[in-house]
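**Q** Whatever this is, show me its structure:
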Amino acid sequence: MDAKLDQFSTKMEKTIQTLKEEYSTIRAGRANPHLLDKLRVDYYGQPSSLQSVANISVPEARVIQIQPWESKLIKDIEKAIINSDLGLTPSNDGKIIRLVFPELTEERRKELVKDIKKKAENAKVAIRNIRRDANDLFKKQNKASEISEDEFKHLEDEVQKLTDRYIAEIDKVMEEKSKEVLTV
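**A** Model prediction:
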């Protein structure tokens, strides 16, 4: 690949990664420990990730089990879960917190698919903005006679191919996540 295109390809790749990370936080009726990745708990005055203060496991398909290293953290962890946008109510037995994921209703599944499509559309807009930035840069370089007209046309074509490839990948990732959410 042309060195002039590398920076734009990298930005597009990061857009796809960000979309995949956003999708990993959407629950599909199954317990996924990645839903807790963004939660922070106050641990000796430091906001710490849940993974760094507790053992997280999935003993059943629809249950996440959180076992804090220190029992005094149970209240803080519960508070973090309740204050998050997960919509889950934690229960504990004094040692372990359990999050039970209710079966998703058909209506909720359709709402999630709409959200998945919206996130995909935002990622496509980001890809197109990167394409625009690349084309603007190459136009400036062409006007300043830093690159020839032929090289400009070639770079423009390559940027379009990159854009098409990443848009297709976004569609593929969106379809996979939608199918996962709609599968009962």
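
**Q** Pro59: how many residues sit nearby?
**A** 10 (other C-beta atoms under 10 Å). For glycine as for every other residue, the C-beta is placed from the backbone atoms N, C-alpha and C.

**Q** Would you mind listing where this structure has pLDDT under the threshold?
**A** 1, 27-30, 184 (pLDDT under 70).

**Q** Could you list the domains of it?
**A** Following automatic domain parsing, one finds the domains of the chain at 3-24+105-182, 33-100.

**Q** Just name whatever secondary elements the helix or strand hosting His154 is in contact with.
**A** Mapping His154 onto the secondary structure by DSSP states H and E places it in helix 149-182. Using 3 or more C-beta pairs under 8 Å, 6 or more residues apart in numbering; DSSP states H and E as the contact test, the elements touching helix 149-182 are helix 3-24, helix 106-143.

**Q** Figure out which of the ones you listed is closest to Lys79.
**A** helix 3-24 (23.3 Å; C-beta to C-beta).

**Q** Give the next helix or strand downstream of that closest one.
**A** Following helix 3-24 toward the C-terminus (DSSP H and E): strand 40-43.

**Q** Does Ala31 touch Ile66 like I think?
**A** No: using C-beta atoms under 8 Å, Ala31 is not in contact with Ile66, being 11.1 Å away.

**Q** Neighbour count for these two, which is higher?
**A** Legend: neighbour count by other C-beta under 10 Å for Ala31 and Ile66, higher for Ile66 (25 against 21).

**Q** ok so, going back, quick check, distance from the helix holding His154 to the centre of its chain.
**A** Centroid displacement of helix 149-182 relative to its chain, using C-alpha atoms, centre = their mean, to the nearest Å, is 18 Å.

**Q** quick one: it to helix 3-24, angle?
**A** 10 degrees (axes from the mean of the first three to the mean of the last three C-alpha atoms, to 10 degrees).

**Q** start the count at 44, not 1, going forward
**A** Happy to do that; since the first residue is 44 now, the last one works out to helix 192-225.

**Q** and the angle from helix 192-225 to helix 149-186?
**A** 170 degrees.

**Q** Quick check on the residue lying farthest from the centre of the chain: phi, psi?
**A** Ranked by distance from the centre of the chain (C-alpha atoms, centre = their mean), the top residue is Ser188, with 40.7 Å. In terms of degrees, to the nearest 10, the main-chain angles of Ser188 are phi 60, psi 30.

**Q** which residues touch the nearest residue to Ser52 once chain neighbours are set aside?
**A** Excluding the flanking residues, the one nearest Ser52 by C-beta to C-beta, 6 or more residues apart in numbering is Leu205, at 5.8 Å. For Leu205, the contacting residues are 48, 51-52, 55, 174, by C-beta atoms under 8 Å, 6 or more residues apart in numbering.
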